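*Asks:* with the input below, show me the fold.
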Amino acid sequence: MAETISYDYSSPVRSPFLRLKSKGDSCKIRIVSDPVKFGNVYHDPKTDLDKKQEKYAWLVLDRNIQPEDDFPIKIFTSGAQVWNKIKTYVKDTDWGDPMTYDLTITRTENSPSDYYSVTPSPNNKGELTTEEMGIVMGCEIDLVDTINKLNAPKA
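*Replies:* Reported below is the predicted structural model:
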């Protein structure tokens, strides 16, 4: 059925992955799972070689969720830079477990060593609401299984 829309419209998200695609993109998340480590191989066009890298993934509650979004719980993957920044907050006694506060992750592209910023939110510290816990408990994404299927050798 056709409908008139405004230019504020964005199509529903149909992927369980949370992506920061462009410089300046930002997301506010709450980590809701333990981290998963996995290997990733990518082709470097500059050297024309395949390179291995260690990657990390979490299930996260997307705080920027739109009502029409199919996946309020998403898979967020990152490289070592974001992993190390989150780990710094985990080791800091003022912050600790990242499942108890929100994080804002921004694609800054300032430099190769500062491509992403990770900022904890002191205003969103504490336990999830009953409604949010229901969303987390109802999540049917198996993080390890999904990552393993994505990284399975191609036949």
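
*Asks:* use CA for all of it now, contacts and neighbours both
*Replies:* Will do.

*Asks:* any low-confidence regions in this structure?
*Replies:* For the chain, applying pLDDT under 70 flags the ranges 1-2, 9-14, 66-70, 153-155.

*Asks:* now do the strands in it.
*Replies:* Per DSSP state E, the chain carries strands over the ranges 17-18, 26-31, 36-44, 49-62, 73-78, 101-107, 116-125.

*Asks:* with distance to Val144 added, can I get the ones you listed in CSV?
*Replies:* CSV is the format used below for these (distance: least, CA to CA, whole Å):
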stretch, distance to Val144
strand 17-18, 14
strand 26-31, 15
strand 36-44, 7
strand 49-62, 9
strand 73-78, 10
strand 101-107, 22
strand 116-125, 24
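
*Asks:* closest to Met133 out of the ones you listed?
*Replies:* strand 49-62 (9.9 Å; CA to CA).

*Asks:* Pro16 contacts Ile65, correct?
*Replies:* No: the criterion here is CA atoms under 8 Å, and Pro16 misses it with Ile65 at 11.9 Å.

*Asks:* same list (the strands of the chain) but as JSON lines, adding mean neighbour count and distance to Asp145.
*Replies:* Below are the strands of the chain laid out as JSON lines (neighbours: other CA atoms under 10 Å; distance: least, CA to CA, whole Å):
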{"stretch": "strand 17-18", "mean neighbour count": "17", "distance to Asp145": "14"}
{"stretch": "strand 26-31", "mean neighbour count": "22", "distance to Asp145": "18"}
{"stretch": "strand 36-44", "mean neighbour count": "13", "distance to Asp145": "11"}
{"stretch": "strand 49-62", "mean neighbour count": "17", "distance to Asp145": "12"}
{"stretch": "strand 73-78", "mean neighbour count": "22", "distance to Asp145": "12"}
{"stretch": "strand 101-107", "mean neighbour count": "20", "distance to Asp145": "25"}
{"stretch": "strand 116-125", "mean neighbour count": "16", "distance to Asp145": "27"}
